[in-house]
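K.L.:
Got a predicted model here, sequence first, then my questions.
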Amino acid sequence: MTKILEVKDLELSFHTFAGEVKAIRGVNFDLHKGETLAIVGESGSGKSVTTKSIMRLLPESSAEYKNGEILFEGKDLTKIPEKNMQKIRGKDISMIFQDPMTSLNPTMTIGRQIMEPILKHQKLNKSEARKKTIELLNLVGIPNAENRYKMYPHQFSGGQRQRIVIAIALACNPKILIADEPTTALDVTIQAQILELMKDIQKKTDTSIIFITHDLGVVANVADRVAVMYGGRIVEIGTVDEIFYNPQHPYTWGLLSSMPSMDLEDQKLYAIPGTPPDLLNPPKGDAFALRSEYAMRIDMERRAPFFKVSETHYAATWLLHPQAPQVEPPALVIERMKTFKGSRYYVDQTGGTV
Amino acid sequence: MRNENEQEKLTPEDFERVTIDAHHSERIEKPSLSFWQDAWLGLRKNKAAIVSMVVLLLVILMALIGPHLNGHAGDTQNLRHANLPPKIPGIEATGFFDGDGKLAGKKVDLYEMKKVDEYYWFGTDGLGRDLFTRLWEGTRVSLFIAFVAAAIDMVIGVAYGGISGYFGGRTDDIMQRIVEILIGIPTLIVVILMIMIMDPGITAIIVAITITGWIGMSRIVRAQTLKYKSQEFVLASRTLGAKDGKIITKHLLPNMLGIIIINTMFTIPNAIFFEAFLSFIGIGLQPPAASLGTLINDGYKVMENQPYVLLFPAIVISVLMIAFNLIGDGLRDALDPKMKD
Amino acid sequence: MSENLIEVRNLKQYFNAGKSTEVRAIDDISFAIKRGETFGLVGESGCGKSTTGRTMIRLYDATAGQVLYNGVDVHAPKSKKENHALNRKMQMIFQDPYASLNPRMKVLDIIAEGLDIHGLVKGKTERKQRVIDLLETVGLNREHAERYPHEFSGGQRQRIGIARALAVDPEFIIADEPISALDVSIQAQVVNLLKELQEEKGLTYLFIAHDLSMVKYISDRIGVMYFGKLVEMAPADELYRNPMHAYTKSLLSAIPLPDPIYERSRVRHPYNPKDHQYGSDEKVEFREVAPEHFVLCSEKEFAEMQAARV
């Protein structure tokens, strides 16, 4: 697996009337070629800000890169001049946003909107660009593309518009595609189609995808690896199976237990108490400690470093420290762990504990 | 991913479980700020707006007390003292405002020549009236016209737009057609007609300004009403059984107040300007009444020989226009939530 | 079997009726909600589920049909007093926690609005005490009363909205997508709160949502809407175990679950309304295929479903 993007110790703040909002407080992750990395977290966890900072789409007047670097093909994206960044945006890294209604220009035909980045970044003449446009529309599953590329966005349904947005994002064969809640505004049946489309395209083009969402179902569907964010930090990162079947951080436990499962009857839902932290004055120590029933004294004092669970799985919780006491995760999480080989609750088919 | 397994010694106490009352994380640390307090914090940071407010207050203060400061009345004519240039005690030694004026191309002290002992701070006009007193009287009249006109615009505009937007349907259709007809008539023609019917004067000018002036406000208020009346907090109020009056006064108006204030802030300078324009073309206030418009008109006639007659009212009207516009801008930045974040 | 608190009979809601732009937001739907139960209404955006809720609570006038509350038609003309009484019994919780609270009012006044309108409290101290009680009921505390909505997070705002609805002691609450704008960890808080309140106060809910897993969890019975029509209605478990209408099947097959192993094998069934191939003479009706399990179907489909059951 080759690394295509490295984010190291990224820290970013917004300056507001009320003071400095520490939106990202030390984020580290790598993106490999051809994989889908899902970033999950609730609103205000910093997941959207992280990706916007990769694209440098944050308002320069208020956002400040405090520390860290974002390495893409040997260049630190936080430092290169805006002009070079413009060449990367749309060509090497492109982005899909949540709302397909507002990410398309209503006064331009969709054909022109797809052609625009092609003409800008690739040395193609008009008729070649048109051919490419029609290819792209076929790729994203818009039927009858030869005729429809002359139509305006309002003549398409919500799901089709999101397909068109994806076509624009793919126009220059980007190396990285960042999808910021691309299906949140869509209905479930349309969402399922778009997710299938994205996976399909990834297989064909080998693009790396960063997929931001708050929906764990969607994560389970699309992700190869998952990063869980809370309070401006990644608290746990691992492969999709590791995160869903062998989670280590109490926040991940909380998230997984608060989803109702289709076959569990009338049990009370587990709800994480309280409210996410205010990043204007982030708590000392572990940001989740105030809401966690597993909090220890050290959580109040110091942020936990990343502890290694496996080669691919890291979690930032003091519970993994060798001196920490063993705790029981919530019942629903134990149920999940029973199916995972490396976990201490693993029960193999014959029934014995390993 | 780097692994920061610093294996330093931690004491067992560090790993003691603590139980926290989950309600702690529900606490809100920030001080509670109402919308208006928040807006004031924003406005306070806007230096241009604050300076403008101070300047505006000074102008208003002068409009109120200025005419009484130097003992001259604004309408006393004294032909012996006609066309005197400005002379201010204290600064006269510097060579400015020393009473020197041009007579037949030569610089002479007109006060000495005409044997005038009194000081006319801003000079006198062709009839020997004290321009300092007249300037502030004129400012007072102009501001009065502007404030009254803006207030009437606001009341009519808010009521009309509010009713039209809130009740919607047929009412809205009819009311909007009326507005369209009104807006189709050139304003200046309506104004000239109004002034021909009524006696020229303050009332006539106010009526002339307001007769079409409220339309802008009514359109803004209508659009805002349409936006807010389908908001969920208004629906919630309706499901609780609130009456229309309550919904309008408790839910709609407080939310629209910001934009109403901003819009009024921009109406006032327009009204000042329009009054000046009417007076300047001679269909506004009639002599001997003074307004900034008539003063500028007077000054413009003698611009070459007595530029000071034009200078001072021109400065005041410019300062007023700039101040009101900067305050309006500042308020818009502070009150419009879209500008935040 | 408990009596029906709400009965919706052949309700129709057409916008721009009679014009070329006519939209049939609700096209002849009927259902009943029993006292104390939670009825879930699911469907995709634009299917008319929110319009149904708003029409039931009289935010819109119905084009045709009836909504009976305790046997009384809510849309029929009534005296002021009767209207007032009905307003107290039916309340609504809204979707958008940011738009549903007036940004210029203190939480105290927002929650007390219903108390003021219905004259339920005498004097300032009683008013404040009631509001504090309500805040505590929804898991907030007294110091929140003096604050403004923008200081709260989405979940806290939604709880304030619930407190406002509870202030007038309603019997029936329409929850219009109350959790779809909230984060996962907060959704559970709100759903648990709604459940607790139901047990405590014997409330009846109409729970409108597009998130089927939460609906399944909270509802006793579920109705599925598609383009203004109710296509299937059944007890929650029955609907999930044994969906019969092709649209319900497609909807269920599209929900992603937080379970990667299941996700890798999930097969999606697309739905195309043309697949029914209804003939012009076929009567498509709401028929009871199994006890309590209704499906919109033709005579032929009905027979097929019955056969498949056995």
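P.N.:
Done, it's in. Note that the structure is a prediction, hence the values are computed from the model and not measured. Numbers count the residues shown, from 1 in each chain, chains lettered A, B, ... in the order given.

K.L.:
Do a quick rundown of the helices in chain C.
P.N.:
C:49-56, C:80-89, C:107-117, C:123-137, C:154-166, C:184-201, C:212-218, C:236-241, C:246-254, C:260-265, C:299-309 (DSSP state H).

K.L.:
what do you get for chain A?
P.N.:
Here chain A has its helices, by DSSP H, at A:47-55, A:82-88, A:110-121, A:126-139, A:145-148, A:158-170, A:188-205, A:216-222, A:240-245, A:250-257, A:297-301, A:331-337.

K.L.:
what does chain B give?
P.N.:
Residue ranges of the helices in chain B, as given by DSSP H, are B:35-44, B:47-65, B:110-113, B:131-167, B:169-184, B:187-197, B:202-229, B:232-239, B:244-246, B:253-280, B:292-301, B:307-335.

K.L.:
before we move on, back to that, please identify the most buried of the helices of chain C.
P.N.:
For these, the largest average neighbour count (mean count of other Cβ atoms under 10 Å in any protein chain shown) is found in helix C:154-166, namely a mean of 25. Where C-beta positions appear, they are placed from N, C-alpha and C, glycine not excepted.

K.L.:
tell me the contacts of A:H15?
P.N.:
Residues in contact with A:H15, defined by Cβ atoms under 8 Å, 6 or more residues apart in numbering or on different chains, are A:21, A:62-64.

K.L.:
Please, a ChimeraX command that selects the buried ones among those residues?
P.N.:
Restricted to buried positions by 16 or more other Cβ atoms under 10 Å in any protein chain shown, the ChimeraX selection for the contacts of A:H15 reads:
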select /A:21,63
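
K.L.:
Lowest-confidence entry in the contacts of A:H15?
P.N.:
Within the set of the contacts of A:H15, pLDDT is lowest for A:S62 (84).

K.L.:
so how far is A:G231 from that one?
P.N.:
As for A:S62, its distance to A:G231 is 20 Å (criterion: Cβ to Cβ, to the nearest Å).

K.L.:
Mean pLDDT lowest where, among the helices of chain B?
P.N.:
Among those, helix B:110-113 scores lowest, with a mean of 66.

K.L.:
Return the residues in contact with the closest residue to chain C within the stretch 1-150 of chain B.
P.N.:
Going by Cβ to the nearest Cβ, chain C is nearest to B:S32 of the stretch 1-150 of chain B, at 4.7 Å. B:S32 makes contacts with C:146-148, C:151, as judged by Cβ under 8 Å, 6+ apart.

K.L.:
run the last query once more with 10 Å
P.N.:
Applying Cβ atoms under 10 Å, 6 or more residues apart in numbering or on different chains, we find B:S32 in contact with C:106-107, C:143-144, C:146-148, C:151.

K.L.:
out of the helices of chain B, nearest to A:V218?
P.N.:
When the helices of chain B are compared by Cβ to Cβ, helix B:232-239 sits nearest A:V218, at 26.8 Å.

K.L.:
what stretches of chain A score poorly on pLDDT?
P.N.:
Across chain A, residues meeting the criterion (pLDDT under 70) sit at A:1, A:261-267, A:349-354.

K.L.:
can I get the helices of chain C in CSV with mean pLDDT?
P.N.:
What follows is those, written out as CSV (pLDDT from 0 to 100):
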stretch, mean pLDDT
helix C:49-56, 91
helix C:80-89, 87
helix C:107-117, 92
helix C:123-137, 92
helix C:154-166, 91
helix C:184-201, 88
helix C:212-218, 85
helix C:236-241, 89
helix C:246-254, 90
helix C:260-265, 87
helix C:299-309, 85
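
K.L.:
Redo those helices as CSV? Include distance to chain A.
P.N.:
Shown next, in CSV, are the helices of chain C (distance: least, Cβ to the nearest Cβ, whole Å):
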stretch, distance to chain A
helix C:49-56, 12
helix C:80-89, 27
helix C:107-117, 15
helix C:123-137, 14
helix C:154-166, 6
helix C:184-201, 4
helix C:212-218, 4
helix C:236-241, 6
helix C:246-254, 4
helix C:260-265, 4
helix C:299-309, 21
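
K.L.:
out of the ones you listed, which comes closest to A:K204?
P.N.:
Taking those one by one with Cβ to Cβ, helix C:260-265 is closest: 19.1 Å.

K.L.:
So what's the residue count around residue 26?
P.N.:
Because you didn't say which chain, this covers chain A. Neighbours of A:G26 under the rule other Cβ atoms under 10 Å in any protein chain shown: 18.

K.L.:
you looked at the wrong chain, it should be chain C
P.N.:
For C:I26, the neighbour count with other Cβ under 10 Å is 27.

K.L.:
ok, now which ones touch the closest residue to it other than its chain neighbours?
P.N.:
Using Cβ to Cβ, 6 or more residues apart in numbering or on different chains and skipping residues adjacent in sequence, the residue nearest C:I26 is C:Q13, 4.0 Å away. C:Q13 makes contact with C:23-29, C:48, C:51-52, C:54-55, C:60-65, C:228, according to Cβ under 10 Å, 6+ apart.

K.L.:
can you tell me how far the closest residue to B:P200 other than its chain neighbours sits from chain A?
P.N.:
Nearest in space to B:P200, with sequence neighbours left out and distances taken as Cβ to Cβ, 6+ apart, is B:Q286 at 5.1 Å. Distance, B:Q286 to chain A, by Cβ to the nearest Cβ, to the nearest Å: 51 Å.

K.L.:
ok, B:Q286 touching B:G293?
P.N.:
No - B:Q286 is not in contact with B:G293 according to Cβ atoms under 10 Å; the separation is 11.4 Å.

K.L.:
List, one by one, the residues from the stretch 101-250 of chain A near chain C.
P.N.:
A:158, A:183-193, A:195-196, A:213-224, A:226, A:230, A:239-245 (Cβ under 10 Å from any Cβ of the partner chain).

K.L.:
ok, of the residues you listed, which come out buried?
P.N.:
When these are checked for burial by 16+ other Cβ under 10 Å, the buried set is A:158, A:183, A:185-193, A:195, A:213-224, A:226, A:230, A:239-245.

K.L.:
residues in contact with B:D153?
P.N.:
Each residue near B:D153 by Cβ under 10 Å, 6+ apart is listed here: B:209-218, B:263-264, B:267-268, B:270-271.

K.L.:
7 Å instead, please
P.N.:
B:D153 is in contact with B:210, B:213-214, B:217, B:267, counting by Cβ atoms under 7 Å, 6 or more residues apart in numbering or on different chains.

K.L.:
likewise A:K47?
P.N.:
A:39, A:41, A:212, A:229.

K.L.:
same check, this time on C:P97
P.N.:
Counting by Cβ under 7 Å, 6+ apart, C:P97 makes contact with C:154, C:157-158, C:161, C:181.

K.L.:
wait, isn't A:K338 in contact with A:R344?
P.N.:
No - A:K338 is beyond contact range of A:R344, at 10.2 Å (criterion: Cβ atoms under 7 Å).

K.L.:
For those two, indicate the residue with more neighbours.
P.N.:
A:K338 (14 against 11).

K.L.:
Need the phi and psi values for that one.
P.N.:
Backbone torsions for A:K338, taken as degrees, to the nearest 10, come to phi -60, psi -20.

K.L.:
Among the contacts of A:K47, name the ones in strands.
P.N.:
Using DSSP state E, the subset of the contacts of A:K47 located in strands is A:39, A:212, A:229.
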